[in-house]
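Colleague: Here's my sequence, what's the structure:
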Amino acid sequence: MVKNNKVIVSDRGRHRVLSGHKWIFRSDILEDNSNNSDIVFLFDKRKQFLGTALYSKNSQISLRVISENEIGDIEEYIQNSLVSSYKYRETLGLIGDCMRIVNSESDGLPGLIIDKYADTIVFQVLIHPMENLKNVLIKKIIDVLEPVQVFEKNDSGARKVEQLPEIVGTVYGKDRQNLYCSENHLTFYIDLVNSQKTSEFLDQKINRLIIGRKGFGRVLDLFCYHGWFGCNLRNYDELILVDTSSNALKIAEKNLIINQKKNFKLIELNVFDFLRELEKRGERFDTIILDPPSFIKNKKDIKRGYAGYKEINLRAMKILKKNGIMATFSCSYHMSDEEFQMMLRDAATDAKAEFIIKEYLRQSPDHKEILGFSESHYLKGFILEKIS
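Modeller: Alright, predicted model coming up:
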């Protein structure tokens with residue numbers, strides 16, 4: 001039985017662990033006998049063993065559970081977790097050679113994101129304990145996944161909270177900043193340096209396939225980023241893609257050309273302003289795709305974020321033709337599925353329009369969700385059809 005590196009947690013912390021949650025907050029630590037270790041063993045106040053966790057002393061989320069068992073060899077644990085995570089993705093039948101391999105807590109590796117783009121692995125480390133294990137992680141990534149290149153994309157805002165430096169660059173193998181990968185039988189250009197996240201938003205993989213089949217007519221793709229939704233469209237007459245980033249639009253254009261798309265127009269504008277202008281001009285669309293960034297980063301943003309989501313959805317609903325379809329999303333964890341649907345209902349009421357729900361959408365299954373860990377579910381969406 002464990003003798004060292006113990007942390008004793010409150011009854012509330014105990015309940016969270018036993019219910020399958022992966023986080024324990026600093027306020028639920030009763031006794032710290034961690035000896036400044038990054039890897040600690042959890043006990044309740046009755047000395048019952050609860051599991052093994054990574055310990056971030058200076059974070060509000062101090063303890064992140066990695067296992068209900070005692071982990072003695074962390075290197076072996078990381079290797080086994082990578083093997084298990086990769087095998088799971090291989091069972092999903094995803095089309096293409098880009099996918100998420102490790103989704104942080106959902107794969108037992110808190111604070112670690114690993115995405116695969118063809119023969120390149122891109123990783124992000126978001127917390128101190130995992131940063132201290134980075135050399136081990138890189139070695140195990142090479143051993144298990146056998147990539148041609150391993151690229152560190154550690155420029156996330158989450159690292160600033162943890163007081164970790166920004167680091168971007170190749171740490172193993174072929175040193176390159178761009179490459180090509182495939183999704184849904186399409187080819188995409190990847191810019192490893194001048195892009196958000198690990199480079200792309202792979203959580204929309206399945207949704208892009210669904211919308212690609214359903215989209216038609218005159219299509220408006222808002223917050224288009226690198227144009228992956230537009231490239232997935234099978235049948236359309238005209239495609240208008242809008243984003244505020246000139247660099248994102250340059251990559252979008254490259255992707256559209258690679259995939260032999262025609263009759264498209266790229267517009268660099270604020271989406272809110274552009275929607276107002278379209279409404280004034282009386283323009284109408286058969287298909288609208290709304291995939292905005294998160295408007296609700298924390299609980300303080302809920303009221304303002306709700307208003308932002310409502311405005312763009314309301315304006316989009318007004319310029320959607322009757323029998324047109326609208327695919328709309330929120331990636332804000334702090335807006336629940338029910339709140340998102342309520343916001344859409346409010347927007348439809350103000351737009352004096354009626355919609356039916358054609359499909360409920362969520363994140364691609366390689367972005368694994370854990371039933372007891374609600375934070376692992378964040379992306380929600382609907383395909384709506386305007387009937388009046």
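Colleague: Contacts for the host helix or strand of residue 338, please.
Modeller: Assessed by DSSP states H and E, residue 338 sits inside helix 337-350. By Cβ atoms under 8 Å, 6 or more residues apart in numbering, the list of residues contacting helix 337-350 from outside reads 306, 309-310, 313-314, 317, 328, 330, 335, 354-355, 380, 382, 384. Every C-beta, even on glycine, is put in place using the N, C-alpha and C of the backbone.
Colleague: Buried residues, the next helix or strand after it. List them.
Modeller: Next helix or strand after helix 337-350 toward the C-terminus (DSSP H and E): strand 355-362. Across strand 355-362, burial judged by 16 or more other Cβ atoms under 10 Å covers 355, 361-362.
Colleague: Mind giving me the packing neighbours of strand 355-362?
Modeller: Under the contact criterion of 3 or more Cβ pairs under 8 Å, 6 or more residues apart in numbering; DSSP states H and E, strand 355-362 touches helix 205-214, strand 320-330, strand 380-386.
Colleague: 6 Å instead, please
Modeller: With contacts defined as 3 or more Cβ pairs under 6 Å, 6 or more residues apart in numbering; DSSP states H and E, strand 355-362 has these neighbours: strand 380-386.
Colleague: Would you list the strands that the strand it packs on pairs with, along with their directions?
Modeller: Next to strand 380-386 in the sheet, as set by DSSP bridges, lie strand 320-330 (antiparallel), strand 355-362 (antiparallel).
Colleague: what does it contact?
Modeller: Contacts with strand 380-386, where a contact means Cβ atoms under 6 Å, 6 or more residues apart in numbering, come from 320, 322, 324-330, 337, 340, 353, 355-359, 361-362.
Colleague: roughly how far is that strand from the heart of the chain?
Modeller: Centroid separation for strand 380-386 versus its chain: 19 Å, with Cα atoms, centre = their mean, to the nearest Å.
Colleague: need the helices for the stretch 1-150 of the chain, in chain order.
Modeller: Secondary structure of the stretch 1-150 of the chain, counting by DSSP state H, counting those that start in this stretch: helices at 11-18, 74-90, 128-131, 134-145.
Colleague: my bad, should have said the stretch 201-350 of the chain
Modeller: 205-214, 228-232, 246-258, 271-281, 302-318, 337-350.
Colleague: what is the orientation angle of the longest one with strand 320-330?
Modeller: Angle between the axes of helix 302-318 and strand 320-330 is 150 degrees (criterion: axes from the mean of the first three to the mean of the last three Cα atoms, to 10 degrees).
Colleague: So which elements touch helix 302-318?
Modeller: helix 271-281, helix 337-350.
Colleague: could you redo the last one with a cut-off of 10 Å?
Modeller: If contacts are counted by 3 or more Cβ pairs under 10 Å, 6 or more residues apart in numbering; DSSP states H and E, helix 302-318 sits against strand 218-222, helix 271-281, strand 285-290, strand 320-330, helix 337-350, strand 380-386.
Colleague: so where do the strands sit in the stretch 101-250 of the chain?
Modeller: 112-117, 120-125, 149-154, 167-173, 178-183, 186-191, 218-222, 238-243 (DSSP state E, counting those that start in this stretch).
Colleague: Kindly reformat those as a markdown table containing mean neighbour count and distance to residue 208.
Modeller: Output for the strands of the stretch 101-250 of the chain, formatted as a markdown table (neighbours: other Cβ atoms under 10 Å; distance: least, Cβ to Cβ, whole Å):
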| stretch | mean neighbour count | distance to residue 208 |
| --- | --- | --- |
| strand 112-117 | 24 | 16 |
| strand 120-125 | 24 | 19 |
| strand 149-154 | 21 | 22 |
| strand 167-173 | 15 | 26 |
| strand 178-183 | 18 | 7 |
| strand 186-191 | 20 | 9 |
| strand 218-222 | 25 | 11 |
| strand 238-243 | 22 | 14 |
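Colleague: Can I get stretch 10-27 in PDB? Just the C-alpha atoms.
Modeller: The C-alpha coordinates for stretch 10-27 follow below in PDB (Å, rounded to 0.1, in the frame of the first residue of the first chain):
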ATOM      1  CA  SER A  10     -12.800  16.100   1.400                       C
ATOM      2  CA  ASP A  11     -16.100  14.100   1.200                       C
ATOM      3  CA  ARG A  12     -17.000  16.300  -1.800                       C
ATOM      4  CA  GLY A  13     -13.700  15.400  -3.500                       C
ATOM      5  CA  ARG A  14     -14.300  11.800  -2.700                       C
ATOM      6  CA  HIS A  15     -17.800  11.900  -4.200                       C
ATOM      7  CA  ARG A  16     -16.500  13.500  -7.400                       C
ATOM      8  CA  VAL A  17     -13.900  10.700  -7.800                       C
ATOM      9  CA  LEU A  18     -16.300   7.900  -7.100                       C
ATOM     10  CA  SER A  19     -18.900   9.300  -9.500                       C
ATOM     11  CA  GLY A  20     -16.400   9.200 -12.300                       C
ATOM     12  CA  HIS A  21     -15.300  12.900 -12.400                       C
ATOM     13  CA  LYS A  22     -11.700  13.600 -13.100                       C
ATOM     14  CA  TRP A  23     -11.100  16.900 -11.300                       C
ATOM     15  CA  ILE A  24     -10.700  17.800  -7.600                       C
ATOM     16  CA  PHE A  25     -10.400  21.500  -6.700                       C
ATOM     17  CA  ARG A  26      -7.900  23.000  -4.400                       C
ATOM     18  CA  SER A  27     -10.600  23.800  -1.800                       C
END
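Colleague: Quick one: mean pLDDT over it.
Modeller: For stretch 10-27, mean pLDDT rounds to 96.
Colleague: which parts of it are buried?
Modeller: 10, 13-14, 16-17, 21-25.
Colleague: from those, which single one is nearest residue 217?
Modeller: residue 22 (44.2 Å; Cβ to Cβ).
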